[in-house]
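> Let me see the structure of the following:
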Amino acid sequence: MSAPDGPAAAAENPYQRGPDPDTSQGTWGAVAAVPGYTAEWAAEGAWMGHWLASFGFVVIGIDTNSPNDFDTARGTQLLAALDYLTRKSPVRDRVDPGRLGVLGHSMGGGGAISAAVRRPSLNAALPLAPFSPSQNLSSLRVPTMIMGARDDGTVTPSYLDGLYGGMPTGTQSAFIELTGGGHGFPTWGNSNVTRRIIPWLKIFLDNDTLDTHLLCPSPADRSQISRSRTKCSYVPPGGTTPQPPSGT
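Residues are numbered from 1 along each chain as shown. Coordinates of the predicted model:
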C-alpha cells in the first residue's frame with residue numbers, strides 16, 4: 001500500500017496514513033467488526049483486527065449477546081460498539097466520530113448491512129459472504145463492498161448476485177467474487193481479502209485515494225478473482241479526485 005507522499009500530502013489530507021503509522025498524532029477512523037453465526041471474534045476475526053490496525057484504523061471486534069443472533073441484532077450491536085468507542089471508551093478522544101465503518105462475516109455481514117441501512121452517516125460497510133435475510137438494500141446509501149467466493153456453498157454466488165442487485169445504482173459499491181476459499185474465506189489470514197478491503201477503507205474512512213488503482217477500473221491482480229463489479233471512480237466524503245500512483 002502507498003504511504004503519504006511527504007509533508008505536502010499530509011497537509012492536504014490530515015487523515016492519510018501509511019502502514020505502521022505514528023499513533024501519537026491525530027485522530028483515526030474506526031471499524032466495528034462482528035463474526036458469523038455461532039462464531040466468536042477471537043476464533044474468526046481477531047487476525048484481521050491487528051492487520052487493519054497496522055494500516056491506521058481503530059478496530060473494535062465484538063462477540064454477540066447470543067451466538068445465535070440474526071442479522072438485525074448483529075447490526076444493532078455493531079452500532080452500539082461504535083457508540084461506545086466514540087463516546088465512552090478509553091480511546092474515544094483518538095477516534096474521529098465522522099469516519100466510521102462496519103465489517104462482518106456471514107450473519108455478521110448481514111449485520112454490517114443492517115447497521116449501514118439504519119445509519120446512513122456511516123462511511124463504509126464491508127459485508128463478507130453476507131447472509132442478510134432481514135434487510136432491504138433498496139435504501140442503502142453507505143459505500144459498500146460485498147465480497148464472496150465462487151465455491152461458497154453456504155452463501156452462494158447467486159444469493160450474492162440478488163443481494164447486490166437490490167442496492168441502489170447511485171450507491172458507491174463494489175462486488176468481488178474470489179475464485180476459492182469457501183464460506184470461511186475471511187476467517188484466516190487471507191491476503192486476497194485484505195488487499196481489497198484496505199483500499200475501500202482508505203478511500204472512505206481516510207479520504208485517501210492513492211490506492212484507488214487497486215480497485216479501478218478493475219481490481220488489480222485478478223488471478224484470484226472470478227468476477228467483479230465496480231462503480232469507478234470512487235469519491236470519498238471529502239470529494240478528493242482519485243490520483244494515479246506515483247511513477248505512472
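
> For the protein, which segments count as helices?
For the chain, applying DSSP state H gives helices covering 6-12, 41-44, 46-53, 71-87, 107-118, 157-165, 191-206.

> Among those helices, which comes closest to Pro236?
Among the helices of the chain, the nearest to Pro236 by Cβ to Cβ is helix 191-206 (5.1 Å). The way it works is simple: take the backbone N, C-alpha and C, and place the C-beta from them, glycine included.

> from the middle of its chain, how far away would the closest one be?
Between the centre of helix 191-206 and the centre of its chain there are 7 Å (Cα atoms, centre = their mean, to the nearest Å).

> Let's see it as PDB, backbone CA atoms only.
These are the backbone C-alpha positions of helix 191-206, laid out as PDB (Å, rounded to 0.1, in the frame of the first residue of the first chain):
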ATOM      1  CA  SER A 191      -4.400 -11.700   1.500                       C
ATOM      2  CA  ASN A 192      -7.000 -11.900  -1.200                       C
ATOM      3  CA  VAL A 193      -9.400 -10.300   1.300                       C
ATOM      4  CA  THR A 194      -7.200  -7.700   2.800                       C
ATOM      5  CA  ARG A 195      -5.700  -6.300  -0.400                       C
ATOM      6  CA  ARG A 196      -9.300  -5.400  -1.500                       C
ATOM      7  CA  ILE A 197     -10.800  -4.100   1.800                       C
ATOM      8  CA  ILE A 198      -7.800  -1.900   2.700                       C
ATOM      9  CA  PRO A 199      -8.300   0.400  -0.400                       C
ATOM     10  CA  TRP A 200     -12.000   0.600   0.400                       C
ATOM     11  CA  LEU A 201     -11.400   1.700   3.900                       C
ATOM     12  CA  LYS A 202      -8.600   4.100   2.900                       C
ATOM     13  CA  ILE A 203     -10.900   5.800   0.400                       C
ATOM     14  CA  PHE A 204     -14.000   6.100   2.500                       C
ATOM     15  CA  LEU A 205     -12.600   6.500   6.000                       C
ATOM     16  CA  ASP A 206      -9.300   8.300   5.400                       C
END
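
> Give me the helices and strands touching the longest strand seen in the chain, please.
In the chain, taking DSSP state E as the definition, the longest strand is strand 95-105. When contacts are defined as 3 or more Cβ pairs under 8 Å, 6 or more residues apart in numbering; DSSP states H and E, strand 95-105 sits against strand 28-34, helix 71-87, helix 107-118, strand 124-128, helix 191-206.

> again, only this time at 10 Å
In terms of contacts (3 or more Cβ pairs under 10 Å, 6 or more residues apart in numbering; DSSP states H and E), strand 95-105 is packed against strand 28-34, helix 46-53, strand 58-61, helix 71-87, helix 107-118, strand 124-128, strand 144-149, helix 191-206.

> out of the ones you listed, nearest to Gly184?
When those are ranked by proximity to Gly184 (Cβ to Cβ), strand 144-149 comes first, at 8.9 Å.

> Name all residues that make contact with the residue nearest the centre of the chain.
When Cα atoms, centre = their mean is applied to the chain, the residue found nearest the centroid is Leu126 (3.4 Å). Residues near Leu126 by Cβ atoms under 10 Å, 6 or more residues apart in numbering: 31, 33, 101-105, 109, 112, 116, 143-147, 186, 193, 196-197, 200-201, 204.

> Ok, Trp28 next?
Listed by Cβ under 10 Å, 6+ apart, the contact set of Trp28 reads 15, 17, 21, 53, 56-59, 91, 94-96, 99, 205-206.
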